[in-house]
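Peer 1: Quick one, what's the 3D model for this:
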Amino acid sequence: MEKIDLKRELKHLYLPSSKQVVAIDVPAMSFLMVDGQGDPNTSQSYADAVEVLFALSYAIKFSIKKGPLAIDYGVMPLEGLWWADDMSDFTTGDRSGWQWTMMIMQPHFVTREMFDEAVSAVGKKKEPVALPGVRLETFAEGAAAQIMHIGPFSEEGPVIERVHDFIERSGRECAGKHHEIYLTDIRKADPAKWKTVIRQPMG
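Peer 2: Numbers count the residues shown, from 1 in each chain. Sure, this is the predicted structure:
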């Protein structure tokens, strides 16, 4: 059985330095995605979205491991695109207007047929309420700046400002949605050790 380490292969995208902001070029990749709105700390729809993304990702992983491809790989981390109609919502603390797309990257060999089979299998077994809203989609960010933030989400502000300052100093401008990649299981780890990739596309 072939084993692949996607995080290692894509280290420049998923394991950046926490010391300095770097410019990267993000290729088109395949993701399971769910859209929603509301405070991620209190919104049931957010919890439902995260649950179904992992359920489908593991269903796809195990079907590939047992199938003709016989490839074993680790499920990739949860990621989120964040925005708001009124961007002041991000600074005032009003999270009810936050909009998001939560997603998990899938290996290039995951097909539409594999996705459909996983949706059917998960639906029969668990019937997650967010299942009808999941899609398999190619997403390309292109040029972006990113850095690793270590610590609780509440302390991201200065790190995000560093990313934006880097983009401005580079003669570019922010383009696209604020992107975060969650590398730590926050249910188990000390918030001071949480690792989050902060990424901002630039034009």
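
Peer 1: Using PDB, write out every CA atom in stretch 188-199.
Peer 2: Only the C-alpha atoms of stretch 188-199 are listed here, as PDB (Å, rounded to 0.1, in the frame of the first residue of the first chain):
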ATOM      1  CA  LYS A 188      -7.200  19.000  23.500                       C
ATOM      2  CA  ALA A 189      -4.400  21.600  23.300                       C
ATOM      3  CA  ASP A 190      -3.400  24.500  25.500                       C
ATOM      4  CA  PRO A 191      -4.600  27.700  23.700                       C
ATOM      5  CA  ALA A 192      -1.100  29.200  24.100                       C
ATOM      6  CA  LYS A 193       0.100  26.400  21.700                       C
ATOM      7  CA  TRP A 194      -2.600  26.500  19.100                       C
ATOM      8  CA  LYS A 195      -1.200  26.800  15.600                       C
ATOM      9  CA  THR A 196      -3.100  28.700  12.900                       C
ATOM     10  CA  VAL A 197      -1.900  29.600   9.400                       C
ATOM     11  CA  ILE A 198      -3.000  33.100   8.600                       C
ATOM     12  CA  ARG A 199      -3.200  33.700   4.900                       C
END
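
Peer 1: Quick check: buried residues in that stretch?
Peer 2: Neighbour counts over stretch 188-199 (16 or more other CB atoms under 10 Å) mark 194-199 as buried. (Each C-beta comes from the backbone N, C-alpha and C, glycine too.)

Peer 1: Which single one of the residues you listed is nearest to A49?
Peer 2: Taking CB to CB as the measure, A49 lies nearest T196 of these, at 17.7 Å.

Peer 1: Please name the residues that touch that closest one.
Peer 2: Shown in contact with T196 (CB atoms under 8 Å, 6 or more residues apart in numbering): 148-150, 153, 156, 180-184.

Peer 1: For the residue nearest to it when sequence neighbours are not counted, pull up the helix or strand it's in.
Peer 2: Nearest residue to T196, sequence neighbours excluded (CB to CB, 6 or more residues apart in numbering): H149, at 4.7 Å. Secondary structure from DSSP states H and E places H149 in strand 142-150.

Peer 1: average pLDDT for the helix or strand that that strand is followed by?
Peer 2: Using DSSP H and E, the next helix or strand after strand 142-150 towards the C-terminus is helix 157-169. Summarised as a single mean, pLDDT over helix 157-169 is 93.

Peer 1: just stretch 136-147 next, same as before
Peer 2: Here the average pLDDT along stretch 136-147 is 97.

Peer 1: and it, which residues are buried?
Peer 2: Buried, per 16+ other CB under 10 Å, within stretch 136-147: 136, 139, 141, 143-147.

Peer 1: Next: stretch 165-172.
Peer 2: For stretch 165-172, the buried set under the neighbour-count rule, 16+ other CB under 10 Å, comprises 166-167, 172.

Peer 1: and what of stretch 5-18?
Peer 2: 6, 13-14, 16.

Peer 1: next one: it to chain centre, how far?
Peer 2: Centroid separation for stretch 5-18 versus its chain: 13 Å, with CA atoms, centre = their mean, to the nearest Å.

Peer 1: Many thanks, I have nothing further to ask.
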